Structure formats: structure tokens, C-alpha cells
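Participant: Sequence first, then the predicted structure, then my questions.
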Amino acid sequence: MESLITLLSVLTPMILGFFIRVPKRFLVLVDKALVWLVYAVLLLIGVSLSRVENLGAQLDSIAGMALLLFACTIGANLAALAWFDRRYSWQARGSGKKPRVSIWGSVKQLGCVAAGFVAGKLMAGVWLPSENAGMYCLMTLVLLIGIQLNGSGVKLAQVLVNRRGVQTALWMMASSLAGGLLFAALVGEVSWTMGLALSSGFGWYSLSGLVMTEAYGAVWGSIALLNDLGREFFALAFIPMIMRRYPSAAVGVGGATSLDFTLPVIQSSGGLQAVPLAISFGFIVNVAAPFLMVVFSSV
């Protein structure tokens, strides 16, 4: 029953968001609210982490597990999508401008987790937010994501018509899940369903961090967060290098962030013709991630 409630709590707001039409002049406010909500979610993840006993003894394990999970998922993505690009070639042409790559946003997000951890330690005997606060923030976040996707003018038919985008999304998600199964095989304490759940965030770190914290505790929530945040770091740094030979792989490594944070780098590296591919891909991945995470973590 609890798993069904979690599933409905994550998916219902997003579905509702698709039916809420906001005037374009207010979409800027939605974007700003999303930014602040992401920071709030990351702060709450940090607070949850501060409640873990003997955390210092587990830090090496958290970093090691996150690195192994990242290597399994990104490695599987690159192998599968590079093969796809070689087998079904598709050429992207850059805009001629040098891409602007900045990891400052990712650094700030890690800083929010650290700030939440420090605040949780300092205020442990005074006041701490309810353990349900994270879920309420998450529900609001996915509602606004639904509104944002609806307001972007991207119709489902347009997404499904972009064959390359759909194929890239399916290959990326399947290879990520294969990476999750490999991670489960390498780590004895991780079941195959847990491996699938941890690998199905697809770069949506604020969502995966909270959902995995709810399902498996703050330690595994932090591992999922670091894995998906690592994807953003990797994508920002390597998309320009990968795009010329493997355009689908370049878009795919961005995961859910290909719809927002890494889209400017994709456009600069791959040109305007890469944008519909990235939007179609990112739309599908953003819709699939919450569903797959909750389903796998509930089995």
C-alpha cells in the first residue's frame, strides 16, 4: 500500500501539470520556482544525511559505490549509443561557436547538500523539518515540471514523430538499466530490483536522491544523487568531444538534463538539428524516470 501511495504521489502531480496551461509570461516564474525547489530538495537530502548514525565511517563506501554505479551506467550508455551511432549513422553539425561549459551550477547543488548536512547537525537538538517535507517538495517539483513541459509547446505527437529521439531514449534507458544490473551483480548487498531503481534516475538527481532516500535510506539516496549529479558533470565536460562522431551518445549521456541544463551545450556542439533530437529524448526520459524509479524501488 505504501509503495502505491509513493507512486501516486510522484506521478499524479506530473500528469496534472500536463493539463495545466500557464500563460507564457508566467513560465519565467515557474522556471524560477523550479530552481528554488531543486535547492530546497537538495538541502532536505543533506538534512536526511545528517541523521545517519556513524556517517563518517560510511563516507568512503558512499563515494566508492557512487563511482562504481556511475561507471556501470555511463559505461553502458556510451557502449550502446556509440554502437547505435555506428550502425545507424546520423550527422550533427556544430554551430561553429565554442560551447560555453560551466560546472558552477553543479558545484552549487553539491554545496546545497553540504549546507543541509551542516544545518541538520547544528539544529539536531532544536528543530528539524518533518521527514515528509522532502516528499511535499518533490510533489510540487514534478507538478511544475509537468506545467513546464506543457508550456514549452512540445506536443506528445511531435516527440514521438522524432524517430531518432525516441530510439536514443530507448537505447539510453535500456543501457542504463543494464548498467544497474551489472552494479547489482558486482555488489552483493544490492538486489537486482535495487540496482534497476538506482540506475533509473537518468540524471534527475533531485528526484532520484529523494525517491531512493524514501525507499532505501539516506545513504543510498546520497549514492543515487552523486551518481546522477556526476552524469551532469560528465555531460557538460564531454558532450563537445563526443558530438562529432557519436551525436546520439552525446545527447544520451546528458539524460534528463538534455532538456534543460545541457541543452545549450548540445545546441552549440551539434547545431540546430540536434535540438529536436535532444527535446524528444529529454521529454521521454523525464516522463519515464519517476515511473521506473518508484516501480523498481517498490518491488
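Facilitator: That came in fine, so what should we check first?
Participant: which stretches of the stretch 1-150 of the chain have low pLDDT?
Facilitator: For the stretch 1-150 of the chain, applying pLDDT under 70 flags the ranges 1-7, 57, 92-103, 105-106.
Participant: Correction: the previous question concerned the stretch 151-299 of the chain.
Facilitator: In the stretch 151-299 of the chain, residues with pLDDT under 70: 153-160.
Participant: burial measure for Val295, as a count.
Facilitator: Applying other C-beta atoms under 10 Å, we find 17 other residues in the vicinity of Val295. Yep, even glycine has a C-beta here, placed from its N, CA and C like the rest.
Participant: Ramachandran angles for it?
Facilitator: The phi and psi values for Val295, taken as degrees, to the nearest 10, are phi -60, psi -50.
Participant: Over to Trp127?
Facilitator: phi -160, psi 140.
Participant: doesn't Cys137 make contact with Ala40?
Facilitator: Yes: under the criterion of C-beta atoms under 8 Å, Ala40 makes contact with Cys137 at 5.2 Å.
Participant: Which strands or helices does the helix of greatest length in the chain pack on?
Facilitator: If you go by DSSP state H, the chain has its longest helix at helix 59-87. For helix 59-87, the elements it packs on are helix 163-186, helix 192-199, helix 218-242, helix 247-252, judged by 3 or more C-beta pairs under 8 Å, 6 or more residues apart in numbering; DSSP states H and E.
Participant: Take those helices and lay them out in CSV including mean neighbour count and distance to Gly111.
Facilitator: Below are the helices and strands packed on helix 59-87 laid out as CSV (neighbours: other C-beta atoms under 10 Å; distance: least, C-beta to C-beta, whole Å):
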stretch, mean neighbour count, distance to Gly111
helix 163-186, 21, 27
helix 192-199, 24, 23
helix 218-242, 23, 12
helix 247-252, 30, 28
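Participant: just so I know, which of these lies nearest Leu29?
Facilitator: Proximity to Leu29 (C-beta to C-beta) singles out helix 218-242 among these, at 24.1 Å.
Participant: Who are the packing partners of the closest one?
Facilitator: helix 24-50, helix 59-87, helix 104-122, helix 192-199, helix 205-216, helix 247-252, helix 263-270.
Participant: Next, the angle from the first one to helix 59-87.
Facilitator: Our comparison of helix 24-50 with helix 59-87, counting by axes from the mean of the first three to the mean of the last three C-alpha atoms, to 10 degrees, yields an angle of 140 degrees.
Participant: Buried residues, helix 24-50. List them.
Facilitator: Buried residues in helix 24-50, counted by 16 or more other C-beta atoms under 10 Å: 30, 34, 37-50.
Participant: so how far is it off the chain centroid?
Facilitator: Relative to its parent chain, helix 24-50 has a centroid offset of 14 Å by C-alpha atoms, centre = their mean, to the nearest Å.
Participant: Make residue 1 into 47 and carry on from there
Facilitator: With the count now opening at 47, the last piece we talked about shows up as helix 70-96.
Participant: Would you mind getting the angle between that helix and helix 251-262?
Facilitator: With the same axes, to 10 degrees defining the directions, helix 70-96 sits at 40 degrees from helix 251-262.
Participant: Summarise which helices and strands helix 70-96 is packed against.
Facilitator: On a contact count with 3+ C-beta pairs under 8 Å, 6+ apart, helix 70-96 meets helix 150-168, helix 179-197, helix 251-262, helix 264-288.
Participant: Nearest the geometric middle of this protein, what residue?
Facilitator: Of all residues in the chain, the one closest to the mean position by C-alpha atoms, centre = their mean is Trp250, 1.3 Å from it.
Participant: what's Ala165 in contact with, if anything?
Facilitator: Applying C-beta atoms under 8 Å, 6 or more residues apart in numbering to Ala165 gives the contacts 89, 92-93, 96.
Participant: Take those and write them to JSON lines, including distance to Ile191.
Facilitator: Compiled in JSON lines, the contacts of Ala165 are given as follows (distance: C-beta to C-beta, whole Å):
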{"residue": "Leu89", "distance to Ile191": "19"}
{"residue": "Gly92", "distance to Ile191": "22"}
{"residue": "Val93", "distance to Ile191": "23"}
{"residue": "Ser96", "distance to Ile191": "27"}
